[in-house]
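Visitor: predicted model and sequence follow; I will ask about them next.
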Amino acid sequence: MILVTGATGMLGSRLIYDLVLKGYKVRAMRRTDSQLNRVNRYFSAHPELFNSVEWVNGDITDIFSLEDALAGVDTVYHCAARVSFLPSENASMQLSNINGTANVVNLCLEKGIRKLCYVSSIAALGRSGLANMINEDSAWKTSKYNSAYAISKYGGEREVWRGIAEGLDAVIVNPGVIIGAGDWKTDSSMLFRQVKKGLMFYTHGENGFVDVRDVSRIMIQLTESDIVNERFILVSENKTFRGVFDRIADRIGVRRASIYAGPLITSLAWRFEYLKYKLTGSKPVITRETARSARGKNTYDNSKIKKLLGVEFIDINTSIDDASAEFLKNQIY
């Protein structure tokens, strides 16, 4: 039996679908307030398989519900995480991403779980503000360029490495920005919604991107293998944000962003959004952390996973085209 935490997220939904297609028995853990729209989208091609998934309610910060979910399980895919760039949500993010991961690791050790696959992030590799290629051996550097989310994922990774030191067999994956058909209002798929609403500004920032289908496929390959106690960057391509946004705009039929947003404009933008948030309570489109990230030039080396597994990644233009088609089909803007 396999347990997947965060099973209703963009990646978790794709992962449980791929696992069931391969014939695995899957127990999917979800919070009581989570929605199944992403899951239903994947299983629409094979609705008969949906009933083979065992759904359990729980939360990784609730050790009792997590312990119940792990009963009879031999393999764990830990996808659950909280993502936020609002200072007011930092505490809850730290609780989920660090303490929650510690709970998963401790119970995996206690119950003798065969293998844990932990979903980290390229953000957990650290950013120094310098334009250099980052790989799995890059050392974490404390700097203003690391968001609170990055710090929380780094803390989660440390819990997994601690578990490995105590005898747990585990692999860690560090995906880039994941492209796929998710929730257009909450996860990384909201990029499509933002472009649809009309983006006027672009930056010269760069980051690593990857298709959700690749992340799921590689996670399963790594977990099925004898590989343990390693981490792997999962990035198909390093692309500029402008290039990604332009491709999305072209595919969903809206105008491309045409105004360059330098440091002055982005600093004014996040301050305006913060003021609006304080006055109205509406979540800001841009924060100080996302403004800094949008200007950063971060590139990632994917050669380790390519050499080890012979991986060929889906190119990001194809990922954008496929996700754009789903976005237009669903018309949830």
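Guide: Received, thanks. Numbers count the residues shown, from 1 in each chain.

Visitor: how about the strands of the stretch 201-333 of the chain, start to end?
Guide: 201-202, 206-211, 230-234, 237-240, 259-260, 299-300 (DSSP state E, counting those that start in this stretch).

Visitor: highest mean neighbour count out of these?
Guide: strand 206-211 (a mean of 24; mean count of other Cβ atoms under 10 Å). All C-beta spots, glycine's among them, are computed from the backbone N, C-alpha and C.

Visitor: give me the mean pLDDT for that one.
Guide: The average pLDDT within strand 206-211 is 93.

Visitor: which helices and strands sit right next to that strand?
Guide: In terms of contacts (3 or more Cβ pairs under 8 Å, 6 or more residues apart in numbering; DSSP states H and E), strand 206-211 is packed against strand 177-179, strand 237-240, helix 241-252, strand 299-300, helix 316-330.

Visitor: can you tell me what sits against it?
Guide: 122, 175-180, 233-241, 244, 293, 296-300, 302, 313-314, 316, 318-319 (Cβ atoms under 8 Å, 6 or more residues apart in numbering).

Visitor: what about 7 Å?
Guide: The contact list for strand 206-211, computed with Cβ atoms under 7 Å, 6 or more residues apart in numbering, reads 122, 175-180, 234-241, 244, 297-300, 313-314, 316, 319.

Visitor: may I have that strand exported as CSV, CA atoms only?
Guide: What follows is strand 206-211, C-alpha atoms only, in CSV (Å, rounded to 0.1, in the frame of the first residue of the first chain):
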residue,chain,number,x,y,z
GLU,A,206,14.8,33.6,-15.1
ASN,A,207,13.9,30.3,-13.3
GLY,A,208,13.7,26.6,-13.8
PHE,A,209,10.4,25.0,-15.1
VAL,A,210,9.2,21.5,-15.4
ASP,A,211,6.1,19.6,-16.5
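
Visitor: could you dump the strands of the stretch 201-333 of the chain to a markdown table with distance to Trp55?
Guide: Listed next are these as a markdown table, based on distance: least, Cβ to Cβ, whole Å:
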| stretch | distance to Trp55 |
| --- | --- |
| strand 201-202 | 41 |
| strand 206-211 | 26 |
| strand 230-234 | 27 |
| strand 237-240 | 35 |
| strand 259-260 | 46 |
| strand 299-300 | 34 |
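
Visitor: out of the ones you listed, which is closest to Val105?
Guide: Relative to Val105, the nearest member of the strands of the stretch 201-333 of the chain by Cβ to Cβ is strand 230-234, separated by 14.6 Å.

Visitor: between the closest one and strand 206-211, how many degrees?
Guide: 100 degrees (axes from the mean of the first three to the mean of the last three Cα atoms, to 10 degrees).

Visitor: which neighbours in the sheet does strand 230-234 have, and how are they oriented?
Guide: strand 170-175 (parallel) (DSSP bridges).

Visitor: tell me which residues are up against the strand it pairs with.
Guide: 115-122, 124-125, 157, 160, 163-164, 210, 215, 218-219, 222-223, 227-234.

Visitor: try stretch 14-29
Guide: 1-5, 7, 42-43, 49, 52-56, 58, 69, 73, 77, 79, 180, 212-213, 216-217, 219-220.

Visitor: and if we set it to 8 Å?
Guide: 1-8, 12, 39, 42-43, 46, 49, 52-58, 60, 66, 69, 73, 77, 79-80, 180, 212-213, 215-217, 219-220.

Visitor: for that stretch, the averaged confidence score.
Guide: Mean predicted confidence for stretch 14-29 is 93.

Visitor: now that stretch: buried residues?
Guide: Arg14, Leu15, Ile16, Tyr17, Asp18, Leu19, Val20, Tyr24, Val26, Arg27, Ala28, Met29 (16 or more other Cβ atoms under 10 Å).

Visitor: got the end-to-end distance for it?
Guide: 14 Å (Cα to Cα, to the nearest Å).

Visitor: quick one: distance of it to the chain centre.
Guide: Here the centre of stretch 14-29 is set off from its chain's centre by 18 Å, with Cα atoms, centre = their mean, to the nearest Å.

Visitor: going forward can the numbers begin at 770, since that is how I track them
Guide: From this message on, residue numbering opens at 770, which makes the last subject stretch 783-798.

Visitor: can you count the residues close to the closest residue to Gln804 other than its chain neighbours?
Guide: Of all residues not flanking Gln804 in the chain, Thr777 sits nearest, at 6.5 Å (Cβ to Cβ, 6 or more residues apart in numbering). Counted by other Cβ atoms under 10 Å, the residues lying close to Thr777 total 23.

Visitor: touching, Thr777 and Asp802? I think so.
Guide: No. The criterion here is Cβ atoms under 8 Å, and Thr777 misses it with Asp802 at 10.1 Å.
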